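**Student:** Quick one, what's the 3D model for this:
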Amino acid sequence: MKLEIQPIGNSYSEQAIDLILTIQQKEFNIPITIEDQPDLLQIESFYTAAGGNFWGAFADGELVGSIALVKFDERAGAIRKMFVKKEFRGKELNIAQELLEVLISFCRENRIDDLYLGTITVLKAARRFYERNHFVKIEKSNLPAKFPLMSADDVFYHLNLD
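**Tutor:** From the prediction side, this is the model:
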């Protein structure tokens, strides 16, 4: 299997929506719809134009993972849309780790020093993954004022890259 990680734009919206909504709704029963995340229909204006990016992980040409960065302040960004298709998860392929490393490299190159993210209590594996990668759990009240909140999120993390 050939794995490639590359920035993706609006031409991949449908594939990204299919990947992400399937995981959110079918696998984890999270009551979230495409209407709740219009950013997926406008990847370029929402992520790229603002100084962030959106990456896809492709296994033999199929989109099997994603991660996105919203730049919301001069030196700060929020991780969004971190998803890997069930059959492609785990240490053997290490797709989530590779996606995170691509995003962190982008942050270092673009002088984004602080990364924040919100996730959901039920996503236990995701939380363990962030904690293994030195993200520190913080209270919602300690998020920066400009942090782009998602209504479903109830657990928050911070990582300083300095």
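**Student:** Every contact and neighbour count from this point should use C-alpha atoms.
**Tutor:** Noted.
**Student:** neighbours of Ser105, just the number please.
**Tutor:** Ser105 sits with 12 neighbouring residues when counted by other CA atoms under 10 Å.
**Student:** do the one 3 residues further on as well
**Tutor:** Arg108 is surrounded by 13 other residues when neighbours are defined as other CA under 10 Å.
**Student:** Kindly report the same for Gly52.
**Tutor:** Gly52, neighbours per other CA under 10 Å, totals 23.
**Student:** ok, which stretches of the chain are strands?
**Tutor:** 3-7, 53-59, 62-73, 76-84, 114-119, 136-138, 155-160 (DSSP state E).
**Student:** Let me have those strands in TSV, adding mean pLDDT as columns.
**Tutor:** Formatted as TSV, those follow (pLDDT from 0 to 100):
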stretch	mean pLDDT
strand 3-7	97
strand 53-59	98
strand 62-73	98
strand 76-84	97
strand 114-119	97
strand 136-138	98
strand 155-160	98
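**Student:** Would you mind telling me which of those is nearest Ile20?
**Tutor:** With distances scored as CA to CA, the stretch of those nearest to Ile20 is strand 76-84 (6.5 Å).
**Student:** Adjacent strands (with direction) for that closest one?
**Tutor:** strand 62-73 (antiparallel), strand 114-119 (parallel) (DSSP bridges).
**Student:** export the ones you listed to TSV and tack on mean neighbour count and distance to Glu98?
**Tutor:** What follows is the strands paired with strand 76-84, written out as TSV (neighbours: other CA atoms under 10 Å; distance: least, CA to CA, whole Å):
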stretch	mean neighbour count	distance to Glu98
strand 62-73	22	10
strand 114-119	22	17
